[in-house]
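Trainee: build me a model:
(chains A and B)
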Amino acid sequence: MVVYLKNIFNDAGNVTLFTARFFKEVLRPPYEIKEFIRQCYIIGYKSLPLVAITGFIMGLVLTLQSRPTLVEFGAESWLPGMVALSLIREIAPVITALICAGKISSGIGAELGSMKVTEQIDAMEVSGINPYKYLVVTRILATTLMIPLLVVFADGVGILGGYIGMNIHSDVTLFRYLSRILDSLEFLDIVPATIKTFFFGFFIGMTGCYKGYTAANGTESVGKAATSAVVVASLTIFIIDMLAVQLTDLFF
Amino acid sequence: MIQEKTNNKNPGSADSSKPVISIKGLYKSFGKDNDVLKGIDLTVQKGENLVVLGKSGSGKSVAIKCLVGLVTADKGEIKVFDTDISTLDYSGLNAVRIRIGFLFQNAALYDSMSVRQNLEFPLKRHSKKLSSQEVDDKVTEALVNVGLEEAIDKMPSELSGGMRKRIGLARTLILKPEIILYDEPTTGLDTITSREISELILAIQKKNKTSSVIITHDMACAKLTGDRLVIVKDGVIDAEGSYDELEKSDDAWVRSFFV
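Mentor: Okay, here's the model as predicted:
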């Protein structure tokens, strides 16, 4: 039990130092702009198909599942607003972040883990290149920037999915559908939901990088780094979401 | 403990006037009961090839990783180019590292980069004033030096073990290091390729006048490349001398390396 607690505190200390180093290195030149753009392309652009499919299905299914209940209460006209609100405030950010935790966090964990095991990180270090800045800072910045954009994209595709879902059973024009959504949306529905996605992105990148960068020697640790990156990132997303909802409730 | 230290009578091309590496009383342990280095003393002269022999797990790799700050020593003094590296901050340490090349056991090529990018990567970061033509020329020159100019656009996954080692060596050479550390350069290679790598190490020493520390279990490599050999046993230098001297040692354990 004592050893277990000691390990937990040890891990917490290491994560804190790792995170503190990010804030120190991110401001200090030289800046790895090319690698940052390359990571944005890999993390953002290459995740678009996955996010588009899940976003579309989220909107479609949410519409189809909610419709019978709203029809029963004669409130079918509220459906576009309800779907959009659910997507923007909660479902799209959390589901997209979870999808990205699975794809990106595990990918970063495995990539950096394998670089660590095959001494590529050491090779960078001994050639006078700061591997933390090149590998970690760029990836965390890219996830922090790209996840919110992917969530906005998922919002849009989800709303489109909702439109198609509505038109399976009724006949609504796109203009009317969008008008209903805009009528029911407020600025404060969008801002807190968007702010929390930056935190989702930061922790997705941070978890993947930490697990990979601190992987032990041996190929087994690469798999462990990837798996634990997904588990920890997913759990962190739920915790951040809970805190974000509480804070939003408190302040708005 | 057997101490069989002899003078370096066969320094080869070495200029023995000035040590470029000086290690005194180096200690390193991993955990409570795992003392790996227990007071290593070592010097490497300018232009000298020093071969380090020893059983697996005797701390040879740890010692050279201490030299470049990859592993922090518990105790002892490490001077490289007459600078105590323990007193340097990160940028100071990097300035020293640029002057030292390190060939890892598995070459440690960056998997996501082509051979060209592997070689350009350190060069572009440390020689920002170079034009793209000059970078190209230096990359080609480094590849010509290791006889692999045709592999320039290949990915590391397309290379054999020997080719990876050569490309790793080319990447090490591209910054024109004054010291090169080789961590088991011939491990996992066939006899012919091992000999080619050993000859390459020797050719580099002669051409660039570099000093080298070569960790190896390959006695043919040790014989061909080493001006001086040291044998590490239980975390200390147990024997030291030329290949011929150690081969004729009175100590059966030392002789067992040469069987």
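
Trainee: centroid-nearest residue for the chain?
Mentor: All of this is about chain A. residue A:97 (2.9 Å; Cα atoms, centre = their mean).

Trainee: not quite, go with chain B.
Mentor: Geometric centre of chain B, nearest residue: residue B:181, 1.7 Å, by Cα atoms, centre = their mean.

Trainee: mind checking the SS state of the residue lying farthest from the centre of chain A?
Mentor: Taking Cα atoms, centre = their mean, the residue of chain A most remote from its mean C-alpha position is residue A:74, at 36.4 Å. When classified by DSSP: H, G, I helix; E, B strand; the rest coil, residue A:74 comes out as coil.

Trainee: before we move on, what about residue B:27?
Mentor: At residue B:27 the chain is in strand, as set by three-state DSSP.

Trainee: wouldn't it be in contact with residue B:75 here?
Mentor: Yes: if you go by Cβ atoms under 8 Å, residue B:27 and residue B:75 touch, sitting 4.0 Å apart. Just so you know, the C-beta spots here come from the backbone N, C-alpha and C atoms, and that holds for glycine as well.

Trainee: between these two, who's got more neighbours?
Mentor: residue B:27 (16 against 13; other Cβ atoms under 10 Å in any protein chain shown).

Trainee: that older thread, can you pull the contacts of the residue nearest to the centre of chain B?
Mentor: For residue B:181, the contacting residues are B:64, B:67, B:68, B:100, B:101, B:102, B:103, B:212, B:213, B:215, by Cβ atoms under 8 Å, 6 or more residues apart in numbering or on different chains.

Trainee: that one is in what secondary structure piece?
Mentor: strand B:179-183 (DSSP states H and E).

Trainee: next SSE downstream of that strand?
Mentor: Assigned by DSSP H and E, the successor of strand B:179-183 is helix B:191-208.

Trainee: now do that following helix: which elements does it pack against?
Mentor: strand B:49-54, helix B:161-173, strand B:211-215, helix B:219-225 (3 or more Cβ pairs under 8 Å, 6 or more residues apart in numbering or on different chains; DSSP states H and E).

Trainee: and the third one, which strands flank it?
Mentor: Partner strands for strand B:211-215, per DSSP bridges, with pairing direction: strand B:49-54 (parallel), strand B:179-183 (parallel).

Trainee: output the next helix or strand after the first one as PDB, restricted to C-alpha atoms.
Mentor: Later in the chain than strand B:49-54, the nearest helix or strand by DSSP H and E is helix B:60-67. What follows is helix B:60-67, C-alpha atoms only, in PDB (Å, rounded to 0.1, in the frame of the first residue of the first chain):
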ATOM      1  CA  LYS B  60      30.700   0.300 -20.600                       C
ATOM      2  CA  SER B  61      27.800   1.900 -22.300                       C
ATOM      3  CA  VAL B  62      26.800   3.700 -19.100                       C
ATOM      4  CA  ALA B  63      30.300   5.200 -19.000                       C
ATOM      5  CA  ILE B  64      30.200   6.700 -22.500                       C
ATOM      6  CA  LYS B  65      26.600   7.900 -21.900                       C
ATOM      7  CA  CYS B  66      28.000   9.800 -18.900                       C
ATOM      8  CA  LEU B  67      30.500  11.400 -21.200                       C
END
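
Trainee: how far does helix B:60-67 sit from the chain's center?
Mentor: 10 Å (Cα atoms, centre = their mean, to the nearest Å).

Trainee: that one: which residues count as buried?
Mentor: B:60, B:61, B:62, B:63, B:64, B:65, B:66, B:67 (16 or more other Cβ atoms under 10 Å in any protein chain shown).

Trainee: can you count the residues close to residue B:136?
Mentor: 14.

Trainee: sorry, back to before: how about the helices and strands packed on helix B:191-208 in JSON lines, adding mean neighbour count?
Mentor: Formatted as JSON lines, these follow (neighbours: other Cβ atoms under 10 Å in any protein chain shown):
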{"stretch": "strand B:49-54", "mean neighbour count": "25"}
{"stretch": "helix B:161-173", "mean neighbour count": "24"}
{"stretch": "strand B:211-215", "mean neighbour count": "25"}
{"stretch": "helix B:219-225", "mean neighbour count": "20"}
